[in-house]
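Peer 1: Sequence first, then the predicted structure, then my questions.
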Amino acid sequence: MPLLLIGIVVAAVAVVALAYWSPGRVTVYEFERGLRYRKGRFVGIVQPGTHWVARRGGSITKVDVRPYVLTVPGQELLTSDGIGIKVSLVAGVEVVDPAAAVNQVQNYTATLYTLLQVALRQTVSSRTLEDLLAGRADIGAKVLEDSAQAALAFGLKLATVDVRDVMLPGDLKRIFAQEVAARKEGLAALERARGETAALRNLANAARMIEDNPALMQLRLLQQLGTTGGNTVVLGESAVIPVAKRNRPAGKGKESVEDKETST
């Protein structure tokens, strides 16, 4: 009986020791990288695959290295001319150094979020509202320029930074809407004036041509009559007499008739 008890105790101790000392298996997937630690110290990065790690004093921390998008929601900011607006960002991020991302900062996503907030505040506060609205694309470029190097220091690569929204106060929205409407109305009035000017110019050119060539009016009339049917048109003698002759003084016409009667 004592021997049996001793055997059971030895077997139990062996099982516990085996469970404590035997290595564990960790699978690192293709989109991950593993950080191997031994007794709390970082010893290297492990690539995708299955790895054995000692249970006593060893561990592997997995880090997702796929690119992702970080959204910075609307931040209440003041422009250089004292106008309060809200600006939101979207940033394309990639973990290029997982060891630095995990070991250099406590939470690399939260650290990057704060970094983008500060860079955005500095960019907006240095420009007027008019400059911000006119150069909206420049805001993201400036934030990227100011943040990229600092993000790289803790293992993150900023690929892109773009402005998602620029939100104005309600009264400013109404003012800008009125300004846009006034600009559109002005452009429409300008186009109408241009059209009227062109029409008047065409009429003036036509009048000048008819004055220089009176027969053109008769030709145009005959051409128009040829395209229509079912109408009765009565033409008097004056309709085919050139304008220059119709405008002669009445006396000259009577004298010519009397001369013809005398000659006959």
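Peer 2: Yep, that arrived.
Peer 1: what are the phi and psi angles of V93?
Peer 2: When quoted as degrees, to the nearest 10, the phi and psi of V93 stand at phi -130, psi 150.
Peer 1: Phi first, then psi, for the residue nearest to it when sequence neighbours are not counted.
Peer 2: Leaving out its chain neighbours, the residue that sits closest to V93 by C-beta to C-beta, 6 or more residues apart in numbering is L70, at 5.3 Å. Bear in mind the C-beta positions are built from the backbone N, C-alpha and C, glycine included. Phi and psi for L70, reported as degrees, to the nearest 10, are phi -110, psi 130.
Peer 1: Next, the contact list for T128, please.
Peer 2: For T128, the contacting residues are T79, S80, D81, by C-beta atoms under 8 Å, 6 or more residues apart in numbering.
Peer 1: tell me the SS of the spatially closest residue to it that is not a sequence neighbour?
Peer 2: Closest residue to T128 in three dimensions, ignoring its sequence neighbours and counting by C-beta to C-beta, 6+ apart: D81, at 4.7 Å. When the structure is reduced to helix, strand and coil (DSSP: H, G, I helix; E, B strand; the rest coil), D81 reads as coil.
Peer 1: Please report how far D81 lies from L116.
Peer 2: The gap separating D81 from L116 is 23 Å, by C-beta to C-beta, to the nearest Å.
Peer 1: Pick out whichever of those two has more residues nearby.
Peer 2: Residue environment comparison for D81 versus L116 gives the larger neighbour count to L116, 25 against 10, counting by other C-beta atoms under 10 Å.
Peer 1: Was I right to think that one contacts V143?
Peer 2: Yes: counting by C-beta atoms under 8 Å, L116 touches V143, with 6.4 Å between them.
Peer 1: and for those two, which residues touch both?
Peer 2: Residues touching both L116 and V143 by C-beta under 8 Å, 6+ apart: L89, V161.
Peer 1: now E196: how far from L187?
Peer 2: As judged by C-beta to C-beta, E196 and L187 stand 15 Å apart.
Peer 1: just the helices in this protein please.
Peer 2: Listed in chain order, the helices found in the chain under DSSP state H are 2-21, 98-103, 108-125, 129-134, 136-153, 170-212, 215-226, 243-246, 250-263.
Peer 1: returning to that earlier point: lowest-confidence entry in the contacts of T128?
Peer 2: Checking pLDDT across those, the minimum falls on D81 at 84.
Peer 1: What about that one? Give its phi and psi, please.
Peer 2: Its backbone dihedrals place D81 at phi -100, psi 20, with angles given as degrees, to the nearest 10.
Peer 1: Next: G135.
Peer 2: phi -120, psi 50.
Peer 1: Output the contacts of T128 in JSON lines; the columns should cover distance to N205.
Peer 2: JSON lines is the format used below for the contacts of T128 (distance: C-beta to C-beta, whole Å):
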{"residue": "T79", "distance to N205": "54"}
{"residue": "S80", "distance to N205": "55"}
{"residue": "D81", "distance to N205": "52"}
